[in-house]
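In: coords please:
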Amino acid sequence: MVQVSTARSVSLPLRGLAFVRRQIRSSELWLIAVAVLAGAAAGGLAVVQAKLAHGLQILLFAFDPDQRLSAQAAITPWRVLFIPAGGLALGLMTWAWSRWRTTRAVDPVEANALHGGAMSVRDSAFICAQTLVSNGSGASVGLEAAYAQAGGAAGSMIGRALALRRADLRTLVGAGAGAAIAAAFGAPLTGAFYAFEIVIGAYTVANIAPVAAAALAAVLVARSLGGDTYKLSSTVEAIQNWPVYGLYALLGLATAVFGVALMRMVATAERWTVKLPVPLWLRPALGGMLLAGIALYTPQTLSAGHGALALDLERDLGLKMLLLLIAMKAAASIISLSFGFRGGLFFAALFLGALEGQAFAELINLAPGLPHLNGTVAALVGMGALGVAIIGGPLTMSFLVLETTGDFSVTAATLVASLIASAVVRETFGYSFSTWRLHLRGETIRSAHDVGWIRTLTAGRMMRKDVPAVPTDTGLAEFRRRFPLGAAKRVVLTDAEGRYAGLAPVAAAWSADLNDSGGEGDLAALAVNAQAVLAPEMSIKEIMAAFDRAQSDELAVVDADGQVLGVLTEAYATRRYAEELEKARRDLTGEA
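Out: Numbers count the residues shown, from 1 in each chain. The predicted structure is shown next:
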């Protein structure tokens, strides 16, 4: 009786999961309910991470709990030593983790683009811990990457537990990541469009409701847990004339140039730090020493810059001071990322954009004959435009300005500058900061669009293995006996060591005027595509390019040692690509 009862108690959760899976596959309302759960978890995780990082900063740098680290007028000199100390702790953490785990963690963008939404909860938790130590010890990195990582991992964990379809899992990862951003700023529209533009890569009828529901749930949970709502003051006159909009379009161009330059400088600095004669675990501490020197001049370079941004919007900083702050904050961010501190450029981009916008307004106002620009408006427009240039998502950043200021006229100007910045970066550079760093690792993705399924269409997976093969020294008569007309289209030829030597068309063997001497050259003379081969790991795009170069409809798949693994036809590869493309289209649009 006990065994029966135990079996029933174990099977009940499994039957419950199976029921939920069936309901999600048949009803969008169930997916929305699951997305709300993921959003609530993301909101809670964002608040916890924010409070932990802020608490660590208060402990190390001794400032008023109601204030922000970057808004301090000065830091006690000896306390800046906590920055390299935090770097040392981070380096040792990373070294110990690398000894235990050899797999590389993926962020929500990479997970959705290449892995169908699959994320490791364990690896994500460690990334969040690294970011908390980095930000908490004062490094010039933001927590938004950790928020999105935790939210995306929560969505992925829930979706994988429910065995959701690939498209639904990707939606849930995007919903979780976007919900975390929504909770961080108290801005549900910002979070929803962060999911659409940056993590999912598409806005469709099928994903709008789950993503929006998750963002709203996250904001409500964050408010109930005492999370901060980021608000900026904007009591300025409305923008009503076209010349002013034209100037803000020019600001969008300026932010695009600066954003691309900043991303390239981070990559260049990373290449330099790799060459330093210091162990990997010691590099964050070395970077921390450089950051400490900058922080002694101004604490505005510390942490993400939330307090500094709000503080500078209310001050009338001169052009010289603005340019100096831009240079110092950019240097601090570059040092932090290149020396191994963990985090992102999300809020640093907003802060730098605000400073650039103020500096732009100062320059314009010095020029005679041009319309006067309000410094606060220019700062907010620059904030959104540089955010787009570095992070991506013109609607995301425009809604961020709207929800943090409540000013529609400023939002309209931000949208103009953001669209210009987005277009320029896309045409001249082609990457956001996250996809640029993936590109530096050898990946080719430029957005979160689902291209992972393309990588499953490899030559090794699609090839036909049961292909006939004969040595090149086989006599012509023997070849004809074994392969009469119609028995096969082509036969693989191998040399004396069993390596690939080409394909022999059966029809050519029957029509050729060759003697049956049994010599080496009999079948070798018929060989075609002896040099044109496919490697088993080649993707569908590489395969189709190889077919075009060879001008052939069939190629052999050969390993690194020259051994034949199989044969792939162009017709079959094209058909499989078309089938997967149609399946991806249906998943994206939610068609049955």
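In: secondary structure element for residue 369?
Out: Assessed by DSSP states H and E, residue 369 sits outside every helix and strand.
In: number of residues surrounding it?
Out: 4 (other CB atoms under 10 Å). For the C-beta atoms, the positions are set from N, CA and C on the backbone; glycine is no exception.
In: now do it against residue 243, distance only.
Out: Residue 369 sits 10 Å away from residue 243 when distances are taken as CB to CB, to the nearest Å.
In: quick one: the helices in the stretch 51-200 of the chain?
Out: 82-100, 108-114, 121-136, 144-161, 166-185, 188-194 (DSSP state H, counting those that start in this stretch).
In: same check, this time on the stretch 451-592 of the chain
Out: Taking DSSP H, counting those that start in this stretch to define them, one finds helices in the stretch 451-592 of the chain at 452-456, 459-462, 476-482, 506-511, 521-524, 540-550, 570-589.
In: now do the phi/psi pair for residue 538.
Out: When read as degrees, to the nearest 10, the backbone of residue 538 gives phi -60, psi 140.
In: these two touch, right, it and residue 462?
Out: No. With contacts counted by CB atoms under 8 Å, residue 538 stays clear of residue 462, the gap being 10.0 Å.
In: now do stretch 472-482, average pLDDT.
Out: For stretch 472-482, mean pLDDT rounds to 81.
In: next one: stretch 320-339
Out: Rounded mean pLDDT across stretch 320-339 is 95.
In: gap between that stretch and the chain center?
Out: Centre-to-centre, stretch 320-339 and its host chain are 24 Å apart (CA atoms, centre = their mean, to the nearest Å).
In: buried ones in it, by neighbour count?
Out: By 16 or more other CB atoms under 10 Å, the buried positions in stretch 320-339 come out as 321-323, 325-326, 328-339.
In: list the contacts of stretch 102-109.
Out: Among residues not part of stretch 102-109, those counted as contacts by CB atoms under 8 Å, 6 or more residues apart in numbering are 114-115, 119-120, 123-124, 126-127, 145, 148-149, 151-152, 173-174, 176-177, 198-199, 434-435, 438, 448.
In: again, but for stretch 254-269
Out: 330, 333-335, 337-338, 345, 349, 352-353, 356-357, 360, 382, 385-386, 388-390, 417, 420-422, 424-425, 428-429, 431, 433, 436-437, 440.
In: in helices only, show me those.
Out: Those of the contacts of stretch 254-269 mapping onto helices are 330, 333-335, 337-338, 349, 352-353, 356-357, 360, 382, 385-386, 388-390, 417, 420-422, 424-425, 428, 433, 436-437, 440, per DSSP state H.
In: list the contacts for residue 225?
Out: 43, 44, 47, 48.
In: ok, back up a step: now the helices of the stretch 451-592 of the chain in CSV, with distance to residue 91 and mean neighbour count?
Out: Below are the helices of the stretch 451-592 of the chain laid out as CSV (distance: least, CB to CB, whole Å; neighbours: other CB atoms under 10 Å):
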stretch, distance to residue 91, mean neighbour count
helix 452-456, 32, 16
helix 459-462, 39, 19
helix 476-482, 65, 15
helix 506-511, 64, 15
helix 521-524, 59, 19
helix 540-550, 38, 16
helix 570-589, 41, 14
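In: centroid-nearest residue for this structure?
Out: residue 109 (3.2 Å; CA atoms, centre = their mean).
In: mind showing which ranges of this protein have poor pLDDT?
Out: For the chain, the stretches with pLDDT under 70 are 1-17, 20, 25-26, 233-240, 438-455, 512-522, 581-592.
In: so what's residue 89 closest to, chain neighbours aside?
Out: In this structure, residue 89 finds its nearest non-sequential neighbour in residue 133, 5.9 Å apart by CB to CB, 6 or more residues apart in numbering.
In: which residues does that neighbour contact?
Out: Counting by CB under 8 Å, 6+ apart, residue 133 has contacts 56, 86, 89, 90, 93, 342.
In: which single one of those residues is nearest to residue 80?
Out: residue 86 (10.8 Å; CB to CB).
In: which residues touch that closest one?
Out: Going by CB under 8 Å, 6+ apart, residue 86 touches 60, 133, 134, 136, 137, 138, 139, 284, 288.
In: against residue 417, how distant is the nearest residue to the fifth one once chain neighbours are set aside?
Out: The shortest distance from residue 137 to any residue that is not its chain neighbour, by CB to CB, 6+ apart, is 2.3 Å, and that residue is residue 86. Between residue 86 and residue 417 the computed distance is 36 Å (CB to CB).
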